[in-house]
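Chemist: Dropping the sequence and predicted coords here.
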Amino acid sequence: MKHTYAITGMTCNSCRISVEDKLNAIDGISNATVNLEKAEASIEMSKHISLNILQKVLSDKYSISENNVSSISNVKEKKSEFRQLFPLFLIFGYITAASILINYRSWNGTDFMLDFMGLFYIVFSFFKLLDLKGFPESFKMYDPLAKVMPIYSWIYPFIELVLGILFLMRVQIPIALIITLVILGITTIGVTKTLLKKKTIQCACLGTALKLPMTKATFIENSIMIVMAIVMLIKTYN
């Protein structure tokens, strides 16, 4: 029997080899081949092996599921996806609330957007810096510039940190806005390509400390920042 499974959590070739070795070590599996790009495992087995057994041999970093699922399973998967993305929604909510509280006494839309963008970069760079070794490998999976310039993935969290400080301190705002459009524009291109190809990979927006799947939420999050940057540039030069 040959079955195909989806596997999430793999960020590099070492992950692929590790998953492949662990699956091949299971009694009853004659051959397991893992495709990193498709985030899939093709498994030939002499007897039926439950999904629980397959998951048990893998570390918590990886999640394995059947590719062909029923409508009920799809509902569960969507709920599971929401639970996985909950930290992202929660952090986004906190940033929004903090930006509103900072400006509510003398409301100014411009200051709100600058504070939002500053807090966004500070918080998101913090999570990336929690695992500076793991972040580059995950980021290179979808960012076009990081793929051709590996050093970019290493300095990216520090770029976000500097941008956050510039926005909060109101220093060199036009330059910070242009850099925002460039780096998030490049990343959004990679995110869009990944979503269109329906690849299942880990999103590096909050680093690797929180295992978030690449979804439309990542695209929306980047798009909000890009729109804010465009609005602010228009206001700056009008």
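Modeler: All right, it came through fine. This is a predicted model, so every value here is computed, not measured. Residues are numbered from 1 along each chain as shown.

Chemist: What's the separation between the spatially most central residue of the chain and I26?
Modeler: Closest residue to the average C-alpha location of the chain: C203 at 1.6 Å, with C-alpha atoms, centre = their mean. As judged by C-beta to C-beta, to the nearest Å, C203 and I26 stand 29 Å apart. All C-beta atoms are positioned from the backbone trio N, CA, C, and that covers glycine.

Chemist: which residues touch stretch 96-108?
Modeler: Outside stretch 96-108, the residues that touch it by C-beta atoms under 8 Å, 6 or more residues apart in numbering are 111-112, 115-116, 119.

Chemist: Of these, select the buried ones using a ChimeraX command.
Modeler: Only the buried entries of the contacts of stretch 96-108 go into this ChimeraX selection, using 16 or more other C-beta atoms under 10 Å:
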select :112,115,116,119
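
Chemist: Which one of the contacts of stretch 96-108 is nearest to T188?
Modeler: Closest approach to T188 among these (C-beta to C-beta): F116, at 17.8 Å.

Chemist: any idea how this protein splits into domains?
Modeler: Split into domains by automatic domain parsing, the chain comes to 2-66, 76-237.

Chemist: Export the contacts of stretch 96-108 as CSV, with columns for pLDDT and distance to A39.
Modeler: CSV is the format used below for the contacts of stretch 96-108 (pLDDT from 0 to 100; distance: C-beta to C-beta, whole Å):
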residue, pLDDT, distance to A39
D111, 94, 42
F112, 95, 38
D115, 96, 37
F116, 96, 33
L119, 96, 32
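
Chemist: Which single one of the contacts of stretch 96-108 is nearest to K193?
Modeler: Looking across the contacts of stretch 96-108 and measuring by C-beta to C-beta, the closest to K193 is F116, at 27.0 Å.

Chemist: how much space between the nearest residue to the closest one once chain neighbours are set aside and L119?
Modeler: Nearest non-adjacent residue to F116, counting by C-beta to C-beta, 6 or more residues apart in numbering: S99, 4.1 Å away. Per C-beta to C-beta, S99 is found 6 Å from L119.

Chemist: now do G185
Modeler: 21 Å.

Chemist: same question, I178
Modeler: Separation of I178 from L119 (C-beta to C-beta): 20 Å.

Chemist: again with K61
Modeler: As for K61, its distance to L119 is 29 Å (criterion: C-beta to C-beta).

Chemist: One more: I189?
Modeler: For I189, the distance to L119 (C-beta to C-beta) stands at 25 Å.

Chemist: got it, and A217?
Modeler: Relative to L119, A217 is positioned 18 Å away (C-beta to C-beta).
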